[in-house]
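Student: the amino acid sequence is not available; the structure is as follows:
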């Protein structure tokens with residue numbers, strides 16, 4: 001997200017805030033695998049990975065059972081795609097009782113940057129019985145949605161998306177064709193399509209899947225979303241609760257009660273969290289100087305900004321610049 005956020009008057013504050021929330025999310029593919037395998041099979045993913053990694057799986061042919069790290073088992077059919085936000089160790093397997101092998105133990109053939117192919121087929125069976133799976137380990141940071149992390153479902157399914165994104169079935173069809181045909185360059189195309197599908201699943205969750213949470217309710221409140229948009233547009237302003245209430249056109253007490261009810265934080269807590277989120281992005285992503293950041297966020301000096309940043313995140317600005325994520 002760029003430091004100066006523009007207000008899209010034609011689309012309204014709700015549009016602004018959905019874009020704002022999604023712009024803070026980072027979903028970046030780290031390792032992609034095309035797996036062609038015969039049943040019976042048992043694949044374990046994420047065994048040695050940080051639980052903060054997300055995993056995307058698409059079943060292009062055949063079917064599989066998915067067992068998450070919490071022990072829940074779900075059936076995945078041909079054409080199903082899932083995003084597991086906090087994956088940890090989890091399994092894709094053909095039937096109960098089958099032995100499991102870490103996906104990392106299979107011999108791989110590199111296709112392109114970060115993408116490889118695994119073939120573990122029984123040559124004595126018909127190729128139409130093979131299973132095609134496309135998997136991706138992803139770096140997943142919720143950005144602005146960080147306070148809602150605990151509301152993420154364990155597994156996000158693609159079937160929640162097509163009614164709202166009618167182009168998704170077409171993209172899944174293309175993924176299937178690319179998986180099967182193995183045309184030149186298909187590895188690159190598959191990685192891009194997987195990124196699009198994962199982002200679509202995430203957007204659907206932002207728009208409706210987490211509607212039990214205050215952020216989405218707040219965006220649907222026309223007057224309050226105006227206040228939120230104003231805070232995001234001008235986070236360095238010396239906002240008072242009275243200023244925010246005036247923006248909403250209500251008394252301070254009514255505003256404070258409504259704001260806390262929907263966002264589960266006080267107005268000043270929200271503003272402080274917003275500033276620290278922006279600061280983290282400007283430091284790590286945009287490499288802005290600290291004096292510039294302090295000025296943009298309304299701090300009188302780099303020292304006062306640094307103290308506030310360390311107090312709220314548990315990490316110094318310098319550590320963020322070196323790639324250490326804040327604790328909050």
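Tutor: Received the coordinates, thanks. Source: prediction; values computed, not measured. Residues are numbered from 1 along each chain as shown.

Student: okay, CA-based contacts and neighbour counts for the rest of this
Tutor: Noted.

Student: check contacts around the nearest residue to residue 39 once chain neighbours are set aside.
Tutor: Of all residues not flanking residue 39 in the chain, residue 94 sits nearest, at 6.0 Å (C-alpha to C-alpha, 6 or more residues apart in numbering). By C-alpha atoms under 8 Å, 6 or more residues apart in numbering, residue 94 lies in contact with 39-42, 63-65.

Student: give me the neighbour count for the residue nearest to residue 104 when sequence neighbours are not counted.
Tutor: What sits nearest to residue 104 in space, not counting adjacent residues and going by C-alpha to C-alpha, 6+ apart, is residue 45, at 8.0 Å. The number of residues packed near residue 45 is 21, by other C-alpha atoms under 10 Å.

Student: backbone phi and psi for residue 45, please?
Tutor: phi -110, psi 150 (degrees, to the nearest 10).

Student: does the most far-flung residue of the chain relative to its centre count as helix, strand or coil?
Tutor: Centroid-distance maximum for the chain: residue 124 at 41.3 Å, with C-alpha atoms, centre = their mean. Under DSSP: H, G, I helix; E, B strand; the rest coil, the three-state class of residue 124 is coil.

Student: which stretches of the stretch 51-200 of the chain have low pLDDT?
Tutor: 51, 126-128, 142-152, 160-164 (pLDDT under 70).

Student: if I look at the residue nearest to residue 39, how far off is residue 319?
Tutor: 45 Å (C-alpha to C-alpha, to the nearest Å).

Student: repeat for residue 106
Tutor: As for residue 106, its distance to residue 319 is 37 Å (criterion: C-alpha to C-alpha).

Student: before we move on, the earlier item: and the residue nearest to residue 39, how far from residue 74?
Tutor: Taking C-alpha to C-alpha, one finds residue 94 at 12 Å from residue 74.

Student: and for residue 62?
Tutor: Distance from residue 62 to residue 74, by C-alpha to C-alpha: 15 Å.

Student: try residue 169
Tutor: Distance from residue 169 to residue 74, by C-alpha to C-alpha: 21 Å.

Student: which of these two has more neighbours?
Tutor: Set side by side, residue 169 and residue 74 show more neighbours around residue 169, with 17 against 13, by other C-alpha under 10 Å.

Student: and that one, what helix or strand is that in?
Tutor: Using DSSP states H and E, residue 169 maps to helix 168-181.

Student: same check on residue 307?
Tutor: Residue 307 belongs to helix 302-313 when assigned by DSSP H and E.

Student: look up phi and psi at the residue farthest from the centre of the chain.
Tutor: The phi/psi pair for residue 124 (degrees, to the nearest 10) is phi -90, psi 0.

Student: the domain parsing of the protein - what is it?
Tutor: 27-209, 221-321 (automatic domain parsing).

Student: so what's residue 91 closest to, chain neighbours aside?
Tutor: Distances taken as C-alpha to C-alpha, 6+ apart put residue 44 closest to residue 91, at 4.4 Å, once the chain neighbours are dropped.

Student: what about the strands in this protein?
Tutor: Under the criterion DSSP state E, the chain carries strands at the ranges 26-37, 42-45, 53-61, 64-67, 73-76, 81-84, 90-93, 101-102, 109-112, 115-120, 131-141, 156-157.
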